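Asks: quick one, structure for this:
(one chain, ligands or ions: 2)
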Amino acid sequence: MSVPFITVEGPIGVGKTTLSKAIAESQQFHQLREIVDENPFLNKFYDDIEEWSFQTEMYFLCNRYKQLSDIQKKFLYEQQPVVADYHIFKNLIFAKRTLPAEEYVKYEEIYRILTRDMPVPNVIIYLHASLGTLMKRIELRGRDFEKNIDPAYLQQLSDDYEVFVSNFEETHPEIPVLHVNGDEIDFVNDAGDLQLLLSKVDETIRKGAKQ
Ligand SMILES: Nc1ncnc2c1ncn2[C@@H]1O[C@H](COP(=O)(O)OP(=O)(O)OP(=O)(O)O)[C@@H](O)[C@H]1O
Ligand SMILES: Nc1nc(=O)c2ncn([C@H]3C[C@H](O)[C@@H](CO)O3)c2[nH]1
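Replies: Ligands and ions are numbered 1, 2, ... in the order given. Below is the predicted model of the structure:
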């Protein structure tokens, strides 16, 4: 049995941090959160994606590399379960969309080198929702730099996630992926929905831990 290492994934604003916090609390797992406010490039990135994409993608990659190395040493090696609000593969999804092709090739090489010995999650929870739901949640959360987020960018990323996750399932059949439709399940305002989801997550963790 391997120690549970769960990642919650999905497009911007779908509820990854919220759900990973709920899982961490109900299962007594350590929660790994991606950094947002400390990121010095995000403001500039959303103002001018073309100009700031390389710095932004490299920053996310280096930061996640450091976070996952620490998680490996401090938690997973110690047999302490972890739930994260991202999988490192999201770097490829965003970078493919934001970087010019010639830069993406270089970026992907660096990604492969850095992720070669990264811990691999044994369960993925994939949250997805319609563009309308994502826009509503992003607005509700009210981050300044996301105020003028382009709906087309958000839709493209959601579509990219669909393709990526489906390929991932084909190439990694040993890692269970729980699909959650965020339009139908309101784990924030509906306690029944939350309990039902947490029990499905629990079932999936048991499956994943057998790997
Ligand atoms: N299932 C849900 N039902 C209702 N509201 C939700 C749901 N999931 C998330 N929310 C709300 O939507 C907002 C965004 O959630 P959250 O920050 O968890 O998203 P995220 O996927 O982690 O975002 P990001 O991609 O920016 O890291 C929050 O205000 C949260 O309370
Ligand atoms: N360009 C880019 N690359 C990434 O790897 C990445 N990961 C997250 N984000 C954006 C989405 C939210 O606005 C905010 C918080 O998730 O940061 C990213 N943006």
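
Asks: so what touches the longest helix seen in the chain?
Replies: Using DSSP state H to define each element, the chain has its longest helix at helix 49-71. For helix 49-71, the surrounding residues in contact (CB atoms under 8 Å, 6 or more residues apart in numbering) are 30, 32, 34-35, 39-42, 44-45, 82, 84, 86, 88, 91, 94-95, 98-99, 103, 107, 110-111, 114-115, 118-119, 153. The C-beta positions use only the backbone N, C-alpha and C, and glycine is treated the same way.

Asks: at 6 Å what do you get?
Replies: 32, 35, 41, 44-45, 82, 88, 91, 95, 98-99, 103, 114, 118 (CB atoms under 6 Å, 6 or more residues apart in numbering).

Asks: now that helix: how far from the chain's centre is it?
Replies: In terms of CA atoms, centre = their mean, to the nearest Å, the centre of helix 49-71 is found 13 Å from the chain centre.

Asks: do stretch 197-206 as well
Replies: Distance of stretch 197-206 from the chain centroid (CA atoms, centre = their mean) equals 18 Å.

Asks: with stretch 182-192 instead?
Replies: Counting by CA atoms, centre = their mean, stretch 182-192 is centred 19 Å from the centre of its parent chain.

Asks: can you map out the helices along this structure?
Replies: 16-27, 42-47, 49-71, 90-98, 101-115, 131-141, 151-171, 191-209.

Asks: tabulate those helices (CSV), appending mean neighbour count and mean pLDDT.
Replies: Formatted as CSV, those follow (neighbours: other CB atoms under 10 Å; pLDDT from 0 to 100):
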stretch, mean neighbour count, mean pLDDT
helix 16-27, 19, 97
helix 42-47, 16, 96
helix 49-71, 17, 96
helix 90-98, 19, 98
helix 101-115, 14, 97
helix 131-141, 15, 96
helix 151-171, 14, 97
helix 191-209, 15, 91
